[in-house]
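**Student:** Please work out how this folds:
(chains A and B)
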Amino acid sequence: MNRHPHIPLVLALSMLAAGLGTSCSSHSESALLPKPTAFGAAIVESSGGKQIAQTGALLPQPLVVQVNDEQGTAVPGALIQFEAVPGVSFDPPNGLTDSSGQVTTSVSLGGMAGRYQVTASTFDKSHKKVELKVQEIALGYQQTLGRRLNDQYCERCHNPESTVERVSNYDNLEVKPHPFTEGDTLNKMSDADLTAIITYGGPALNKSALMPAWGNTVSKSDVQALIAYIRAISDPPSHGSGPVYAKN
Amino acid sequence: MNDKFRSLWQRLFGDSVRAFGVVSLVFLVSLAIAPAKNFFSEWRHYQHGYLRMIRNRSDANTLQRHFEGGIQQIWLPELGVVDRCTSCHVGLKEASLTDVATQPYRAHPVIPHKSEQFGCTICHRGQGAATMVSEAHNSTLAWEQPILPAKYIESSCGQCHRGPLPGTPQLNEGRRLLSRYGCVHCHTVKLPDGSTMKATDDPPSLSHIADKTTREWIYAWLKDPQAYAATATMPNFKLSDDDARDMSAFLIANNAPVPGDTTTVSAKPSSDPAAGSSLYGESFCASCHAVQNAAGNLVGGDVGPELTRIGNKVKPEWLQAWLRNPRVYDAETAMPHYRFNDGQVATLTGFLLAKTDSDLLANVHLEAATPEQVAHGKRLVSDYGCASCHEIAGIKKPENFAPDLSSTTQRIGSKPITQLVFLPGMQHTLPDYIATKIKQPRSFGQALKMPQYTFTPAQVDALTTALLALNDRSATLPPALAVPAAPESDYQPAGKAGKLMTDLACFSCHRINGHGGNMAPDLTWEGSSVQREWLVQFFKNPETLRPALIRRMPRFNLADSEVNELTDYMMTVYQNPAIDRDSMPLSGYSQGQVELGRQLFYGKYACQGCHIVDTKADKGYIGPTLTHVGSRLTAAWIYGWMKNPQALRPDTIEPNRAMSDDDARALTAFLMSQKGGQEVARK
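**Tutor:** Below you'll find the model as predicted:
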């Protein structure tokens, strides 16, 4: 009975190896990639980075990246591949740069709130991988609620940009409010401080009375939702902005 | 072979001791299978992983104390929930684990409900009772309830919540689109509270269409509505040239002219683009109608149809009659009856008719229609269910033209996957099926009647979300859980003034007693709020109250008698019972009070952040300008507003400052002293 003690082990190992082999081969879809006709030296973002969307949702604008050569001129016909953690999807996931050296893809974020790192990569002439990393922000339920409150009550003063539908009041204020993306300042304020200034107004923290007290207008959970939103979109990211989902 | 077997048998069961030993061994091994399976189970693996993960955290002790090993279960018999998800999702309730990126250990994001109350599968779907990842998350042949992808998660809120929620923009948008794009004309959609969804797109009657437009335009429109107006909600039925030819022939032949004088040209359309443009602007047509500008961007509202190529569509005499009084052609229209004089009608007509696209009808050449073509057209018009949306003389509105999306046997959000036909290359899931059906309905079969819409990907996701909410679970949940929408009011003002308000389509923009649009202020308490003199002047010449708004009150050129009728009615009927208009004087406040109010305005409450009192110093651009507020509002209203603005207009964004009576009185005194030009000059 002791003659072949390793048979089951060998059998199990070989099965494991076979399993791994098939799963690996199913992952390599290089055969489906279009063949590049040119190679660049660098890859840059044209638009679509740092966008905000709900978890699982499509980003409002597509992500557009561009391949340049050493002189900084756009390279048409170079292959770009988009990658991120599982759950993030790209349509299309890869493509050849068009006549202006760009590839456009629609990005759907993953199901969990936080920052998603999206990698766009191409190969240079020596077949070395050149990468561009872009961050996109996914909002969970609470942050989405906060965003709605921001749109309703805060944005007209706190966002310096105007849109067709909303004229910004930022420039009209003697003391400038902090845009919510201003992480350098807002990350230094604790949740308790932010709660106080929203609930009791600027004077609660010896700041301008132009920031009114909202404690009688919005609920306590609304204030928390707003803070969750402010933390989620701050740039640089705050400690409480949630995890960064990056591909290792 | 036989010998070999015999010798093996001999070796194992040769004598009773051997046999006993072998049987015992086999018995022991088989007994060990169950504990081994348990020991190597997935959930145990994840629980071990969790314990390893929390060991290195600063709050390890707290987390360790909260941890309970073994299979966990949330059992809610009245909801039909048996959820064992928390066996692997161990840290779901640990607020400190929000920064964990690895699943299944992350804390659940903050939501308004507790998992002990609702479990997991009510929102996420999946198999709650399963204890293996593959069985819990994915569909199997035996169970077909896969996990709901995160992008449709808001559909689960819609199982109980009928009305729009602040935290579910996608669900709200999906439901809005079902009404706005007229999906519910053909498909019945009943919501959990028993109400049937109503369309909000208001497709025009086609019974008098030949008064309004030409057969060529109808042909082009039928072929591709979006070529005429990118914003058109009418879908593309992918008609062949012949079918479009015959349908346009029928619609023209079927025409019954509107009785009355709608076709006489009173004045030649004038071609004065500058005057036309300025009248178009002054009348705030752009509040409701959009026009594509030179850069290709749409500018304007979406209450009325886009006017970019209106000159290709309408007959000049119809347009004049429409501008003179739209209610003659369509009594229900959202368009106000501006009292334009003949010159203004001519100017506007000329201006609008110039908005053409020479390519639109260039290739449309139709021969006179034969009776056969007209008959064929009629058949097509009823086959395609045109009368589901449009009123067409001689064709009855079909009942249940398309499948009921909420019928008890076939709720769209619970359609069994086995009953679905998938296209090649599609993911075999219900959300993907619904989304593809919305995106390319005809790809499931050329004979299908559902037309092609032009939805953006985000709109498709929103619609899919709204449809997934129409599921069996939502129908079987205890009725006490259902949260109905605020009932839609059908308030109509009475009498002569009421008729006048309908004629001016006040409700297209204003809301009164819960009825009407939300483009302009709610007028429910207007009688308590404003002074009579001001209202009279405002009707005659609407001034701009909010500098930041691009949509403003148009001037309707009302006769004095009409202004008086409206003013009397509003001042009498639209009164807030809590505000006694005459309890505080309109003027005569002491200088001290006014000065105190001024200090509060600029100091403690910093109102100048949003409002302008002194046009030289203040810049606030959010709330209404207050330079004339003392001759516009009543003092009692201002006082009440200072005390609690939301009590008077629930959705106003003015913060409630919980002011003391003294502060509110002083501010009222200060604001009532702002009576505009003359008053300032006197100082």
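**Student:** who does the residue most central in space within chain A bridge with?
**Tutor:** Centrality entry for chain A: nearest residue to the mean C-alpha point is residue A:136, 1.1 Å, by Cα atoms, centre = their mean. For residue A:136, the beta-bridge partners are residue A:116 (DSSP bridges).
**Student:** which residues touch it?
**Tutor:** A:49-53, A:59, A:63, A:107, A:109, A:115-116, A:118 (Cβ atoms under 8 Å, 6 or more residues apart in numbering or on different chains). For glycine as for every other residue, the C-beta is placed from the backbone atoms N, C-alpha and C.
**Student:** run the last query once more with 10 Å
**Tutor:** Residues in contact with residue A:136, defined by Cβ atoms under 10 Å, 6 or more residues apart in numbering or on different chains, are A:48-53, A:59, A:63, A:84, A:88, A:107, A:109-110, A:114-118, A:245.
**Student:** out of those residues, which are buried?
**Tutor:** A:48-49, A:51-53, A:59, A:63, A:84, A:88, A:107, A:109-110, A:114-118, A:245 (16 or more other Cβ atoms under 10 Å in any protein chain shown).
**Student:** Can you flag which of these belong to strands?
**Tutor:** Under the assignment DSSP state E, the buried ones among the contacts of residue A:136 contribute A:52-53, A:63, A:107, A:114-118, A:245 to strands.
**Student:** which of those residues sit farthest apart?
**Tutor:** Using Cβ to Cβ, the pair of those lying farthest apart is A:63 and A:114, separated by 17.7 Å.
**Student:** In the stretch 501-650 of chain B, what residue spans correspond to strands?
**Tutor:** Along the stretch 501-650 of chain B, the stretches classed as strands by DSSP state E, counting those that start in this stretch are B:511-512, B:515-516.
**Student:** Can you pull out the residues in contact with the last one?
**Tutor:** Under the criterion Cβ under 10 Å, 6+ apart, residues B:488-493, B:501, B:505-510, B:522-524 lie in contact with strand B:515-516.
**Student:** Please report phi then psi for the closest residue in space to residue A:201 that isn't next to it in sequence.
**Tutor:** Leaving out its chain neighbours, the residue that sits closest to residue A:201 by Cβ to Cβ, 6 or more residues apart in numbering or on different chains is residue A:213, at 3.6 Å. Residue A:213 has phi and psi values of phi -80, psi 130 when expressed as degrees, to the nearest 10.
**Student:** sorry, back to before: now list the buried members of the contacts of strand B:515-516.
**Tutor:** Neighbour counting with 16+ other Cβ under 10 Å marks B:493, B:501, B:505-510, B:522-524 as buried within those.
**Student:** And the pLDDT for the residue of the stretch 551-683 of chain B found nearest chain A?
**Tutor:** With Cβ to the nearest Cβ as the measure, the residue in the stretch 551-683 of chain B that lies nearest chain A is residue B:619; the distance is 3.5 Å. We have a pLDDT of 87 for residue B:619.
**Student:** Surely it and residue B:612 touch.
**Tutor:** Yes - using Cβ atoms under 10 Å, residue B:619 and residue B:612 qualify as a contacting pair, with a distance of 6.9 Å.
**Student:** Give me the secondary structure label for residue 198.
**Tutor:** The chain I'm using is chain A. Taken by DSSP: H, G, I helix; E, B strand; the rest coil, the conformation at residue A:198 corresponds to helix.
**Student:** isn't it right up against residue A:216?
**Tutor:** No - with contacts counted by Cβ under 10 Å, residue A:198 stays clear of residue A:216, the gap being 11.6 Å.
**Student:** Neighbour count: those two, which is higher?
**Tutor:** Between residue A:198 and residue A:216, counted using other Cβ atoms under 10 Å in any protein chain shown, the more crowded position is residue A:198 (25 against 14).
**Student:** Could I get the contacting residues of that one?
**Tutor:** Contacts of residue A:198 were listed using Cβ under 10 Å, 6+ apart, and they are A:149, A:153-154, A:204, A:211-215, A:218, A:222-224, A:226-227, A:230.
**Student:** Next step: the residues you listed restricted to helices.
**Tutor:** A:149, A:222-224, A:226-227, A:230 (DSSP state H).
**Student:** TSV for the residues you listed, including distance to residue B:103, pLDDT and neighbour count?
**Tutor:** Converted to TSV, the ones in helices among the contacts of residue A:198 look like this (distance: Cβ to Cβ, whole Å; pLDDT from 0 to 100; neighbours: other Cβ atoms under 10 Å in any protein chain shown):
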residue	distance to residue B:103	pLDDT	neighbour count
A:149	29	95	21
A:222	29	95	18
A:223	29	96	21
A:224	24	95	18
A:226	27	96	26
A:227	25	95	23
A:230	26	94	29
